[in-house]
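Q: Everything below, folded, please.
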Amino acid sequence: MQKEVVNPVGYFQSVPSGELKSHYDVVVIGAGMAGLTAAALLLKEGKSVLILERNYLPGGCSSSYFRKGCIFESGATTLVGLDAGMPLRTVLDETGIILDARKLEVPMQVFLPDGRMLTRFQDRDQWIEEAQRVFGGKGMAEFWKFCFKISDFVWDSSSRYRFFPPQKIEDWFSLVKNLKVADPWFARHAFTSTSSLLKRFGLHENEAFRAFVNEQLMITAQNKMEEVNVLFGATALCYTNSGNYYLPGGMVSMVKAFTDYIGNQGGHLLLRTAAEAIVPNGENFTIKFGEDAVIARSVVSAIPMNNLAKLLPERHPLKLKATQQTIETKKLNSALQMSIVLKDRLFPNCLHYQIHQPNGGSIFLSLSSADDRLRSPEGHRVASISTHAKTSDYFNSNKQEWAERAIELLIERGLIESDDLILKHVSGPDEWQQWTGRAGGFVGGYPQFKDVLPWKMNKHQLGKNIYLCGDSVYPGQGIPGVVMNGWQVAGRLLRDIA
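A: Below is the predicted model of the structure:
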């Protein structure tokens, strides 16, 4: 059993050029969790699959990298979706992929601007009591019980409606077949904002609670309550009331489990290989990369729409449709992220913290487990510190100044001590753009917007035999969302090419 830090670059290998085929059933562009999910499920059903990934590591925003003898997360630091009926659990059960995931006793703790701390308990009754203690009792229990109902509906319906939103007559038949009597009542909440939900329960004038909700939504929806619809907002607010898990060795261990399965099923992965053009060719597509090209019966785009639009031929109808679904860079969010190495000491029994700043905004701290020797040597721990803001603001920001302020705030809240810090490095949209290739350097997917209803962006299909998946197709962010999206797309594709 591995007992020391190993550079994960050794986990992954491109298929040898001599084994590359000229034709594939499916080419998947982008090896994030949506693309890997779709590829794994397609291979399980006997389809030939090639995955193209521009980076030297797969996983996208759900991976890890090696630096200075430690493993740091490249984006996501929390794992949700392993509960019964949730997307990642469904995919693992279908494929037999096994993850060494450890359930967290405490999902997260939050420091409010005035220094008060609250615990995001998974147990619903415990969480309601905690919320009432901190924010007051009026309307609080009713608000959270309503959010739990919405969240339960979203996860239940996501497993029933594999072909939502309906795009073909067969999709409508599937929708009617799986419809429950209460579904229309729940679905109508896609048309109302989360801010209206606070007003409904008399919480709209509770300034401390409003600020709390907004900062929680920035983690999962990339936007604030006025823009986030209730279906997504309520579910996002309840993510700590689902099982939250930690992966020894970092998120890259999940990526490795998926790529190992893909390789064992005969799938081909090319790293450091960016798709340069998608050319429709009758019933097929020619995918160009470098001096090579392959023919694909179908294409799965697991890259942001802003990137996909650039790969399609000028003035082609597919390019026009893709361009219509792009979003201006100035409307997108990015992150300033700092990875640090700390001296190990007795930290509280929690790995994830959100710290609200007195002047607005928040930072998120995620620690490695004290016994995780796959990420750091004995006597050390690694951590990720991040914040969200408009991408356009961050390209010209002073990252080092932000890093110093963030460290000062963590010291102020007693989460680290001044002599704990051994190493730090800071990244912003320019590094994100280099790492993921995402146009504009944005992270976490397109934000939720009030005029982007679930069926407006998440169409799954751009045209015949070209499918869309990933966190820019499924607005908001999170491993559950993108895995569900990959599962949905695999279902559509398998039905269409059966």
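
Q: Following element in sequence after the lengthiest helix in the chain, please.
A: Using DSSP state H, we find that the single longest helix of the chain is helix 140-160. Later in the chain than helix 140-160, the nearest helix or strand by DSSP states H and E is helix 169-178.

Q: which residues touch the helix or strand following that next one?
A: Moving toward the C-terminus from helix 169-178, the next helix or strand (DSSP H and E) is helix 183-187. Here helix 183-187 makes contact (Cβ atoms under 8 Å, 6 or more residues apart in numbering) with 149-150, 153-154, 157, 231. All C-beta spots, glycine's among them, are computed from the backbone N, C-alpha and C.

Q: Tabulate the residues you listed (JSON lines), appending distance to residue 481.
A: Formatted as JSON lines, the contacts of helix 183-187 follow (distance: Cβ to Cβ, whole Å):
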{"residue": "149", "distance to residue 481": "20"}
{"residue": "150", "distance to residue 481": "15"}
{"residue": "153", "distance to residue 481": "16"}
{"residue": "154", "distance to residue 481": "10"}
{"residue": "157", "distance to residue 481": "14"}
{"residue": "231", "distance to residue 481": "12"}
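
Q: ok so, going back, starting at the chain centroid, how far to the longest helix of the chain?
A: 20 Å (Cα atoms, centre = their mean, to the nearest Å).

Q: now the angle between helix 169-178 and it, please.
A: Interaxial angle, helix 140-160 versus helix 169-178 (axes from the mean of the first three to the mean of the last three Cα atoms, to 10 degrees): 130 degrees.

Q: tell me which residues in helix 140-160 are buried?
A: For helix 140-160, the neighbour count (16 or more other Cβ atoms under 10 Å) marks 140, 143-144, 146-148, 150-151, 153-155, 157-159 as buried.

Q: so can I have a markdown table of the residues you listed showing pLDDT and distance to residue 266?
A: What follows is these, written out as a markdown table (pLDDT from 0 to 100; distance: Cβ to Cβ, whole Å):
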| residue | pLDDT | distance to residue 266 |
| --- | --- | --- |
| 140 | 97 | 53 |
| 143 | 98 | 50 |
| 144 | 98 | 47 |
| 146 | 98 | 47 |
| 147 | 97 | 44 |
| 148 | 97 | 43 |
| 150 | 96 | 41 |
| 151 | 95 | 38 |
| 153 | 94 | 38 |
| 154 | 91 | 35 |
| 155 | 91 | 32 |
| 157 | 90 | 34 |
| 158 | 85 | 29 |
| 159 | 85 | 28 |
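
Q: any idea which of those residues is the one closest to residue 494?
A: residue 159 (16.6 Å; Cβ to Cβ).

Q: Excluding sequence neighbours, find me the nearest residue to the closest one.
A: residue 85 (5.5 Å; Cβ to Cβ, 6 or more residues apart in numbering).

Q: Would you agree residue 403 is in contact with residue 427?
A: No: counting by Cβ atoms under 8 Å, residue 427 is not a contact partner of residue 403; they are 10.1 Å apart.

Q: quick one: common contacting residues for these two?
A: Joint contacts of residue 403 and residue 427 (Cβ under 8 Å, 6+ apart) are 336, 338.

Q: Name the residues of stretch 428-446 that come out as buried.
A: Buried residues in stretch 428-446, counted by 16+ other Cβ under 10 Å: 428-429, 431-433, 435-446.

Q: Also stretch 245-262?
A: 245-259, 261-262.

Q: Looking at those residues, which are in strands?
A: Among these, the ones falling in strands (DSSP state E) are 245-246.

Q: mind listing which of the buried residues of stretch 245-262 are in helices?
A: 252-259, 261-262.

Q: Can I get the residues you listed in TSV including pLDDT and distance to residue 65?
A: Converted to TSV, these look like this (pLDDT from 0 to 100; distance: Cβ to Cβ, whole Å):
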residue	pLDDT	distance to residue 65
252	97	8
253	97	13
254	97	14
255	97	11
256	97	13
257	98	17
258	98	17
259	98	15
261	98	22
262	98	20
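
Q: Relative to residue 129, which of those residues is nearest.
A: Minimum distance to residue 129 across these is 33.2 Å, recorded for residue 254 (Cβ to Cβ).

Q: Relative to residue 101, how far out is the closest one?
A: Residue 254 sits 8 Å away from residue 101, taking Cβ to Cβ, to the nearest Å as the criterion.

Q: Pull up the overlap in contacts between these two.
A: Common neighbours of residue 254 and residue 101 (Cβ under 8 Å, 6+ apart) are 79, 247.

Q: Give me the domain ranges for this structure.
A: 8-67+78-100+248-329+442-496, 123-240, 330-439 (automatic domain parsing).

Q: Burial-wise, tell me which of those comes out on top.
A: Burial among the domains of the chain, expressed as mean neighbours by mean count of other Cβ atoms under 10 Å, is greatest for domain 8-67+78-100+248-329+442-496, which shows a mean of 20.

Q: count of neighbours near residue 116?
A: Neighbours of residue 116 under the rule other Cβ atoms under 10 Å: 13.

Q: Make sure residue 327 is indeed in a helix.
A: No: under DSSP: H, G, I helix; E, B strand; the rest coil, residue 327 falls outside any helix and is assigned coil.

Q: Helix, strand or coil: sort out the closest residue to it other than its chain neighbours for me.
A: In this structure, residue 327 finds its nearest non-sequential neighbour in residue 446, 5.6 Å apart by Cβ to Cβ, 6+ apart. Three-state call for residue 446 (three-state DSSP): coil.

Q: now residue 446: how far from residue 333?
A: 9 Å.

Q: what is in contact with these two at once?
A: Taking Cβ under 8 Å, 6+ apart as the criterion, residue 446 and residue 333 both touch residue 222.

Q: give me the low-pLDDT residue ranges for the stretch 151-300 of the chain?
A: Across the stretch 151-300 of the chain, nothing is flagged by pLDDT under 70.

Q: make it 90
A: Along the stretch 151-300 of the chain, segments meeting pLDDT under 90 span 158-168, 170-172, 175, 190, 218-223, 282.

Q: and if you look at the stretch 1-150 of the chain?
A: Within the stretch 1-150 of the chain, the ranges that satisfy pLDDT under 90 run 1-4, 17-18, 61, 74-78, 85, 137-138.
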